[in-house]
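Peer 1: Quick one, what's the 3D model for this:
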Amino acid sequence: MDSMFTVFLVDDDERVLKGLSRLLKAKGYDVRPFTSAQGYLEQHDPAIPGCLVLDVSMPGLDGLALQQILAARDIQRPIIFLTGKGDIPTSVRAMKAGAIDFLTKPVEDKDLSNAIARAEIDDTKARQIGADLAAIKAKIATLTRREREVLSHVVAGRLNKQIAADLGTVEKTIKVHRGRMMEKLGVRSVADLVRLAEKAGISAPAKS
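Peer 2: Presented below is the predicted three-dimensional model:
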C-alpha cells in the first residue's frame, strides 16, 4: 500500500477542485477529488492514510452531514472544512464534532498546508492507537475461557485465593492459569496487565 498521505477533496465547484488539486499535488500529496459527498462515501476506504478537505455547503449531502455519517460509522478521518462565507455557528459546530480546522475560501496556501500537517499528525496517532488495540485484542483472543475469567478477576484486584473461591477451584490452579495468561499477553506485572485491560475495554466482573 502506498504510504503517501492522501488528501480527499470534496467540493461541488470543479474550479476549486482543480486549483486545490494542483496545489496539493505540487506539495507531494496524493489527491483524490470528488464533486459530491455521496461520491466520496461510495468510494471511501478507511484503510488509506489521509484527511478530508470538505466544502460545507453542497447540494444534497452537505459537509456537516458527511461528518456526522463518518462519526456514526466510527470512521476517524481528520476533516478540514472549507466555506465560501464565514459562519461562526457552523464552524463552532464543526470544531466541536472534531474538525481539524474551518477555513474560509479563497483559502490561504499556508493555512491549508498547516491544517493538513496537523491532520497528518492526528491520523498517524489514531492509526497507531488502532494498531496497538488490534494487537492487544489478538493476544486476548488466544486466552482460554478460564484464563479470560482469571484476567478479569486479577484486573479487579482480587488475590489468587479469592479468585479460586469465586471460580470454585484451588489456588494452585489459579496460579497456573494466571501465569499462562500473563505470558500470552506479554506482561510481567499486574500494573501492566491493568493498563492492557483498560485499553481493551475489559472490566471487572460484577460481584455476586
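Peer 1: in the protein, what spans have low per-residue confidence?
Peer 2: For the chain, the stretches with pLDDT under 70 are 1-3, 86-89, 204-208.
Peer 1: domains of it?
Peer 2: 6-128, 142-200 (automatic domain parsing).
Peer 1: Would you mind giving these as CSV with mean neighbour count and distance to A135 added?
Peer 2: In short, each C-beta sits where N, CA and C put it, glycine included. Converted to CSV, those look like this (neighbours: other C-beta atoms under 10 Å; distance: least, C-beta to C-beta, whole Å):
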stretch, mean neighbour count, distance to A135
domain 6-128, 17, 11
domain 142-200, 16, 10
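Peer 1: Let's have these in JSON lines, adding distance to A134.
Peer 2: Shown next, in JSON lines, are the domains of the chain (distance: least, C-beta to C-beta, whole Å):
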{"stretch": "domain 6-128", "distance to A134": "10"}
{"stretch": "domain 142-200", "distance to A134": "10"}
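Peer 1: so L64 sits right up against V92, yeah?
Peer 2: No - with contact defined as C-beta atoms under 8 Å, L64 does not reach V92; the gap is 11.5 Å.
Peer 1: Check which element follows the one helix or strand L103 maps to along the chain.
Peer 2: L103 belongs to strand 101-104 when assigned by DSSP states H and E. Once strand 101-104 ends, the next helix or strand along the chain (criterion: DSSP H and E) is helix 109-140.
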